[in-house]
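1. compute the structure for the input listed below.
(chains A, B, C and D)
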2 protein chains.
Amino acid sequence: MARMAAKDRREELIAAAFRVMVRDGVTKATTRAIVNEAKMPLGVFHYCFSSREELLQEVLTRFTFRSAEAARRALQEDGDLGVRVSKSLGAFWEGVELGPGEHQVTYELTHYALRQAGFEELARRQYQGYLEVHQGLLREAAEIDGIRWTVPVPVLARYLNAVLDGLILCWLVDRNSEDSREVLRLAGEHLLTFAEKKE
Amino acid sequence: MARMAAKDRREELIAAAFRVMVRDGVTKATTRAIVNEAKMPLGVFHYCFSSREELLQEVLTRFTFRSAEAARRALQEDGDLGVRVSKSLGAFWEGVELGPGEHQVTYELTHYALRQAGFEELARRQYQGYLEVHQGLLREAAEIDGIRWTVPVPVLARYLNAVLDGLILCWLVDRNSEDSREVLRLAGEHLLTFAEKKE
DNA sequence: CAGCGACTTGGACGGACGACCAACATACGC
DNA sequence: GCGTATGTTGGTCGTCCGTCCAAGTCGCTG
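-> Numbering: from 1, shown residues only, chains lettered A, B, ... in the order given. This next block holds a predicted model:
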């Protein structure tokens, strides 16, 4: 095998692990499956990571926030708050339907972390991160439009997170895109009712 | 061991498996852990079940609908639609906070089923069941109050399911009861805006 | 070129798991 | 009471897993 710095090999293994997880699920991402995906001999693994859990930790912290970007971009385009929220949700949903596996993995990782002694904190940080992203988007949107939210932003962020999270989960199972998009529309409209013009 | 019909032993094993899952997670519910919980010798397992998956299938189909009952009862009490919806959601949430493990297990089982070849259909039935329960409750509530929903009931059911599912998941991770209940209140009020007096 | 630190590799380990079985024990119909 | 169906048991098989290691290879520095 070509010689490579341990640091670089780590990155490739992390990426390979994520691919395996998306394709076969978190539980199937064994050390052997991962090095096989990365086309490396097994011995490499514990030269780069002290344990399998150390790698899972890396995956968990790296791949949980990729989906927010499209939503953020759409939110910063032109138009009034209504169409921007709508487009933002639509863009986010587009990402979900295009790459469902990534989202499925994040759920699996959450539940894995909740059960793994010493990993609960990681799950907590994961969702804390989600909520902060939503809060950030809500505050941004409010500032651009010069409105204020009539409900505390943390509550609104949790509401948004819940709807999206629950909707994705349901769609992952039954793939009913039509009704899902309708729910998305409902939630978006609901959100707008909490926007109030600043005096 | 006392002699017992295989049928009865199956039931005890299913119950034991569920207890193990609630306590330690689905992945930890190995054949050995289950028979140990049921205080039976290992050999019993494959006398009663042809495979571990057969047992998981039983667990999945049995323990997914226990939480809806409290909500249904509260919905059928006295009062106008507003307070009944509010109380129903409150009763449901009470159940969540009292027994979070059961809900955690249902998520784990869903993701397990989604990854297990030939089990996807089970996950689909699980969520189909959830949606039907919600639809039933919505229709009941509408009939009692003589209103109609201004949004198709399947969409409303999916919305309700998403909010609750997502909210539970978030709470399982960060245990923020205060904000969660606030979101629940928001969703309940939102629901009421879709109720329209029949002419 | 010698030496040393960084990297590579195949194989081996102990443990856990699902599944299986042969031998035995009990109940029940005839 | 005998035979068959049904239930019980402890042990074992093969597999897969995370982890570890010893021996080997490479490339740089002095």
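
2. give me the buried positions along the helix or strand of chain A with the lowest mean pLDDT.
-> Least confident element among the helices and strands of chain A, by mean pLDDT, DSSP states H and E: helix A:68-75 (a mean of 81). Going by neighbour count (16 or more other CB atoms under 10 Å in any protein chain shown), the buried part of helix A:68-75 is A:Ala68, A:Ala70, A:Ala71, A:Ala74, A:Leu75. The way it works is simple: take the backbone N, C-alpha and C, and place the C-beta from them, glycine included.

3. just the element for the nearest residue to the second one once chain neighbours are set aside, please.
-> The one in question is A:Ala70. In space, and not counting its chain neighbours, A:Ala70 is closest to A:Ala91: 4.3 Å by CB to CB, 6 or more residues apart in numbering or on different chains. Assigned by DSSP states H and E, A:Ala91 belongs to helix A:81-98.

4. quick one: the helix or strand that that helix is followed by near DNA strand C?
-> The helix or strand immediately downstream of helix A:81-98 is helix A:100-115, counting by DSSP H and E. No - judged by CB under 7 Å from any atom of the strand, helix A:100-115 stays clear of DNA strand C, getting no closer than 13.1 Å.

5. quick one: work out the angle between helix A:100-115 and helix B:100-115.
-> Going by axes from the mean of the first three to the mean of the last three CA atoms, to 10 degrees, helix A:100-115 is angled at 140 degrees with respect to helix B:100-115.

6. CA atoms only: put helix A:100-115 into PDB for me.
-> Extracted C-alpha coordinates of helix A:100-115, given in PDB (Å, rounded to 0.1, in the frame of the first residue of the first chain):
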ATOM      1  CA  PRO A 100     -32.300  10.000   2.400                       C
ATOM      2  CA  GLY A 101     -29.500   7.700   3.500                       C
ATOM      3  CA  GLU A 102     -27.600  10.500   5.200                       C
ATOM      4  CA  HIS A 103     -30.500  11.400   7.300                       C
ATOM      5  CA  GLN A 104     -31.200   7.800   8.100                       C
ATOM      6  CA  VAL A 105     -27.700   7.500   9.400                       C
ATOM      7  CA  THR A 106     -28.000  10.500  11.600                       C
ATOM      8  CA  TYR A 107     -31.000   9.000  13.400                       C
ATOM      9  CA  GLU A 108     -29.200   5.700  13.800                       C
ATOM     10  CA  LEU A 109     -26.200   7.500  15.200                       C
ATOM     11  CA  THR A 110     -28.400   9.400  17.700                       C
ATOM     12  CA  HIS A 111     -29.900   6.200  19.000                       C
ATOM     13  CA  TYR A 112     -26.600   4.500  19.000                       C
ATOM     14  CA  ALA A 113     -25.100   7.300  21.100                       C
ATOM     15  CA  LEU A 114     -28.100   7.300  23.500                       C
ATOM     16  CA  ARG A 115     -27.400   3.700  24.300                       C
END
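
7. flag every buried residue along it.
-> In helix A:100-115, counting by 16+ other CB under 10 Å, buried: A:102-115.

8. which strands or helices does the helix holding A:Ala91 pack on?
-> Judged by 3 or more CB pairs under 8 Å, 6 or more residues apart in numbering or on different chains; DSSP states H and E, the packing partners of helix A:81-98 are helix A:68-75, helix A:120-145, helix A:153-174, helix A:177-192.

9. most tightly packed of those?
-> Ranked by mean neighbour count, these are led by helix A:153-174 with a mean of 23 (mean count of other CB atoms under 10 Å in any protein chain shown).

10. for the residue lying closest to A:Ala162 once chain neighbours are set aside, give me the pLDDT.
-> In space, and not counting its chain neighbours, A:Ala162 is closest to B:Gly166: 3.3 Å by CB to CB, 6+ apart. Note on B:Gly166: pLDDT of 98.

11. my guess is B:Gly166 meets A:Trp171, correct?
-> No - between B:Gly166 and A:Trp171 there is no contact under CB atoms under 8 Å: 12.0 Å.

12. show me what from chain A comes close to DNA strand C.
-> So far as CB under 7 Å from any atom of the strand goes, chain A lies against DNA strand C at A:1-7, A:9, A:40-44, A:47.

13. please pick the buried ones from those.
-> Members of the residues of chain A next to DNA strand C classed as buried by 16+ other CB under 10 Å are A:Arg9, A:Met40, A:Val44.

14. now do the contacts for the closest residue to the first one other than its chain neighbours.
-> Pointing back at A:Arg9 there. Among residues not flanking A:Arg9 along the chain, A:Cys48 sits closest, at 5.1 Å (CB to CB, 6+ apart). Taking CB atoms under 8 Å, 6 or more residues apart in numbering or on different chains, we find A:Cys48 in contact with A:Ala6, A:Arg9, A:Arg10, A:Leu13.

15. can you say which two of those are spatially most distant?
-> Farthest-apart pair in the contacts of A:Cys48 is A:Ala6 and A:Leu13; separation 10.1 Å (CB to CB).

16. ok so, going back, nearest to B:Leu192, of the buried ones among the residues of chain A next to DNA strand C?
-> A:Arg9 (57.0 Å).

17. looking at it, that closest one is touching A:Val44, isn't it?
-> Yes - the pair A:Arg9 / A:Val44 is scored as a contact, 6.3 Å apart, by CB under 8 Å.

18. care to break chain A down by domain?
-> Domain ranges of chain A: A:6-61, A:65-197, per automatic domain parsing.
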